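Trainee: Provide a 3D model corresponding to the input given below.
(one chain, ligands or ions: 1)
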Amino acid sequence: MPAITVDDLTVLPRIKGPGLGDQPRPVRSVTAAPRGYEGEGFPVRRAFAGVDLRDLDPFIMMDQMGEVEYAPGEAKGTPWHPHRGFETVTYMIDGVFDHQDSHGGGGTITNGDTQWMTAGSGLLHIEAPPEWLVQSGGLFHGIQLWVNLPRASKLTDPRYQDIRAGEVRLLTSADAGALVRVIAGSVAGHDGPGATHTPMSLVHVSLEPGARIDLPWEVEFNALAYVLGGRGTVGIEGRPLESGQTAVFGPGDFLTLAADGAQESRSPQLDVVVLGGRPIREPIAWAGPFVMNTKSEVLGAYEDFQKGRFGHIPAG
Ligand code: MN
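Mentor: This is a model prediction of the structure:
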């Protein structure tokens with residue numbers, strides 16, 4: 001169960017249904033996320049593994065981290081590693097993750113907090129569960145999204161945004177059966193707290209069994225929906241979508257999500273990450289932790305990293 005919940009959805013601002021002439025976004029593809037391991041070995045699902053980079057633009061990739069219940073001693077993070085040319089966005093749905101970077105950014109995110117890190121010109125960072133959590137074990141569930149930066153901003157100064165769970169904008173659907181958490185961007189005129197370099201929206205929707213939402217979506221944005229848990233359908237065509245699957249939508253004014261009436265008890269709601277933005281439409285040269293425009297810029301990043309130009313690991 002996601003940490004950000006609301007007991008009475010009817011008290012939230014409601015998102016009105018589509019108006020006359022508003023066009024539904026068709027579902028263009030549905031793909032399944034393969035399972036893998038990240039960092040020192042925590043389980044992930046590669047949400048966008050089957051989606052063309054041009055359809056993801058301005059996003060690069062997304063991992064669903066967990067959901068996993070760690071036994072004592074099992075919790076894992078990443079070693080120190082570099083990034084350049086993009087942003088990493090970590091949304092902790094349940095659990096605790098510590099972050100530290102060579103640019104002075106860092107902190108603890110927990111239970112609905114988001115850390116929006118602009119790597120820009122480059123930094124080193126580490127993401128790990130706190131020592132007490134390693135000892136105790138516990139629930140770990142979140143996403144890490146990679147957001148591309150346009151050429152003009154690739155070497156911008158690193159920036160760190162701590163977005164607390166309590167700052168997330170909460171809305172509900174016309175039927176008050178869905179909780180809509182706007183982390184960044186805007187839904188129906190309601191702005192989320194995250195600051196972005198190019199226009200985009202990042203939203204986490206939880207639908208009660210049988211609930212449905214027509215989510216207004218910026219016409220100039222692409223649109224993707226990834227199911228964190230539960231089962232339902234997407235699009236007015238009612239295409240089935242379940243845990244670990246991504247839908248790519250075509251153009252239109254709104255997108256439709258609906259939760260099946262019967263859900264498994266381990267995931268009693270349909271939980272969906274919905275995201276999209278204005279495509280950057282520049283060449284992408286991506287290797288490992290670097291996302292640049294050309295291959296020589298990526299080679300330059302490796303060289304700078306090897307020569308220690310990404311900063312130094314802070315003491316202690
Ligand atoms: Mn990283």
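Trainee: only C-alpha atoms from now on, for both contacts and neighbour counts.
Mentor: OK.
Trainee: excluding covalently adjacent residues, which one is nearest to Asn111?
Mentor: Excluding its sequence neighbours, the residue lying closest to Asn111 (C-alpha to C-alpha, 6 or more residues apart in numbering) is Asp94, at 4.6 Å.
Trainee: Pro2 is in contact with that neighbour, correct?
Mentor: Yes - counting by C-alpha atoms under 8 Å, Pro2 is a contact partner of Asp94 at 6.1 Å.
Trainee: more neighbours, the two?
Mentor: Neighbours were counted for Asp94 and for Pro2 using other C-alpha atoms under 10 Å; Asp94 has more, 23 against 16.
Trainee: kindly provide the distance from the more buried one to Asp191.
Mentor: Counting by C-alpha to C-alpha, to the nearest Å, the gap from Asp94 to Asp191 is 23 Å.
Trainee: same question, Asp162
Mentor: As for Asp162, its distance to Asp191 is 16 Å (criterion: C-alpha to C-alpha).
Trainee: distance of Leu224 relative to Ala47?
Mentor: 10 Å.
Trainee: with Ile143 instead?
Mentor: Taken as C-alpha to C-alpha, the span from Ile143 to Ala47 is 9 Å.
Trainee: and for Gly300?
Mentor: Relative to Ala47, and taking C-alpha to C-alpha, Gly300 is found at 29 Å.
Trainee: correct me, but Val51 touches Ala32?
Mentor: No - look at Val51 against Ala32 with C-alpha under 8 Å: they stay out of range, at 9.6 Å.
Trainee: got the buried residues for stretch 194-207?
Mentor: Gly194, Thr198, Pro199, Met200, Ser201, Leu202, Val203, His204, Val205, Ser206, Leu207 (16 or more other C-alpha atoms under 10 Å).
Trainee: contacts only, for Ala225.
Mentor: Going by C-alpha atoms under 8 Å, 6 or more residues apart in numbering, Ala225 touches Thr246, Ala247, Val248, Val272, Val273, Val274, Leu275.
Trainee: so the closest residue to the second one other than its chain neighbours, which state does it fall into?
Mentor: Going back to what we said before, that points to Ala247. Leaving aside its sequence neighbours, Ala247 sits nearest to Val30 (C-alpha to C-alpha, 6+ apart; 4.5 Å). Classification of Val30 using DSSP: H, G, I helix; E, B strand; the rest coil returns strand.
Trainee: contacts only, for Val30.
Mentor: Leu241, Gln245, Thr246, Ala247, Val248.
Trainee: got a list of contacts for the one helix or strand the first one maps to?
Mentor: With elements delineated by DSSP states H and E, Leu241 resides in strand 239-242, which encompasses its position. Strand 239-242 has contacts (C-alpha under 8 Å, 6+ apart) with Val27, Val30, Val227, Gly229, Gly230, Arg231, Gly232, Thr233, Val234, Ala247.
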